[in-house]
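**Student:** Using only what follows, build the 3D model:
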Amino acid sequence: MHHTSFTVSDMDRSLRFYRDLLGMEVLVDQTPNADYLGKIVGYEGLRLRTVFLCVPGHPDCRLELNEYLNHRGSVGDLATNRPGSAHVAFLVDDIHHFYEELVSHGVRFKSPPVPITAGTNRGAYAAYFADPDGIPLEVMQPAPHV
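**Tutor:** Numbers count the residues shown, from 1 in each chain. Next up, the predicted model:
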């Protein structure tokens, strides 16, 4: 895989979330003037701001954020049970600290961290939360090594 991508409504607001709050690094921030982009996505004359981010130290694991500067779409139903819904999962060492920190900044979670009691990730903790556009995200603290 090359990257995962989300369409956002306000790039500056999304950067405050992904870069400033989650600590991701910006690799590229561009507004290319290239006809090929409109052809690829099917919107002639497209103007797009694209930002590639990564988790520090992992530049090959990229998250692409796109803000359509024209041909803007409307917000759809992003519920996790909807076909086509997607999410990115972040690994953390201390999910409870992560949760408290983000809640203190107004981030919405589906629940506090939940212990995983069965299956491959037994002993881990996980929680779902949302970015400023309501895009579902997951945070997971792996099970301790025994």
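**Student:** Could you list the domains of this structure?
**Tutor:** 3-68, 88-141 (automatic domain parsing).
**Student:** Residues contacting the lengthiest strand in the chain, please?
**Tutor:** For the chain, the longest strand by residue count, based on DSSP state E, is strand 58-68. For strand 58-68, the surrounding residues in contact (CB atoms under 8 Å, 6 or more residues apart in numbering) are 2-11, 14-15, 18, 24-25, 27, 43, 46-55, 88. For the C-beta atoms, the positions are set from N, CA and C on the backbone; glycine is no exception.
**Student:** Now, the residues you listed that are in helices?
**Tutor:** Applying DSSP state H to the contacts of strand 58-68, the entries found in helices are 11, 14-15.
**Student:** tell me which of these is nearest to residue 71?
**Tutor:** residue 11 (15.2 Å; CB to CB).
**Student:** so how far is residue 29 from the nearest residue in space to residue 136 that is not next to it in sequence?
**Tutor:** Excluding the flanking residues, the one nearest residue 136 by CB to CB, 6 or more residues apart in numbering is residue 87, at 4.3 Å. From residue 87 across to residue 29, the span is 23 Å (CB to CB, to the nearest Å).
**Student:** now do residue 124
**Tutor:** 34 Å.
**Student:** more crowded one of those two?
**Tutor:** For the pair residue 124 and residue 29, the greater number of neighbours falls to residue 124 (19 against 14), based on other CB atoms under 10 Å.
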